[in-house]
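S.K.: Predicted model and sequence follow; I will ask about them next.
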Amino acid sequence: DGKGWDGIEYFDPKRGRGVLYAFRGTDPEAKKHTYLLRGLKASGRYLVRFNDHSAADFSRSGGELMQTGVMVSLALPDSSEIVLIEAERP
């Protein structure tokens, strides 16, 4: 409908890096959205960084990111955030 959120995720398992492109639509009430990630190792840990600093960076297990997801909150309609995902090295 063009009013809600949209997004796309790309993750390269060989490099252990990926990105989530999150786009907020025009709905003035839809200020946040949760994206369930895919393609991660459930037992691995990942650093999640918000390129435009819309939220604090954090670390979670792949299982949590795939089941609970990453919440993106943006104050302005028609705005976006780039969320960087990187496997933590043991």
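M.R.: It's in. Please read these numbers as outputs of a predicted model, since none were measured by experiment.
S.K.: residue boundaries of the helices in this protein?
M.R.: According to DSSP state H, the chain carries its helices in the segments 62-67.
S.K.: what stretches of it score poorly on pLDDT?
M.R.: Per-residue confidence for the chain (pLDDT under 70) gives these ranges: 1-2.
S.K.: That one: strands as residue ranges?
M.R.: Secondary structure of the chain by DSSP state E: the strands cover 6-12, 17-23, 32-35, 45-50, 58-61, 70-73, 80-87.
S.K.: Just put those strands in TSV and tack on mean neighbour count.
M.R.: Quick note: C-beta positions are derived from backbone N, CA and C, even for glycine. Shown next, in TSV, are those (neighbours: other CB atoms under 10 Å):
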stretch	mean neighbour count
strand 6-12	14
strand 17-23	18
strand 32-35	15
strand 45-50	18
strand 58-61	15
strand 70-73	18
strand 80-87	18
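S.K.: so what's the closest residue to residue 30 other than its chain neighbours up against?
M.R.: Of all residues not flanking residue 30 in the chain, residue 4 sits nearest, at 5.6 Å (CB to CB, 6 or more residues apart in numbering). Residue 4 is in contact with 25, 27, 30, 33, counting by CB atoms under 8 Å, 6 or more residues apart in numbering.
S.K.: Spatially, which two of those residues are the most separated?
M.R.: Largest separation among these by CB to CB: 27 and 33, giving 10.4 Å.
S.K.: got the contact list for the closest residue to residue 54 other than its chain neighbours?
M.R.: Using CB to CB, 6+ apart and skipping residues adjacent in sequence, the residue nearest residue 54 is residue 81, 4.9 Å away. When contacts are counted by CB under 8 Å, 6+ apart, residue 81 is found next to 22, 50, 51, 52, 54, 72, 74.
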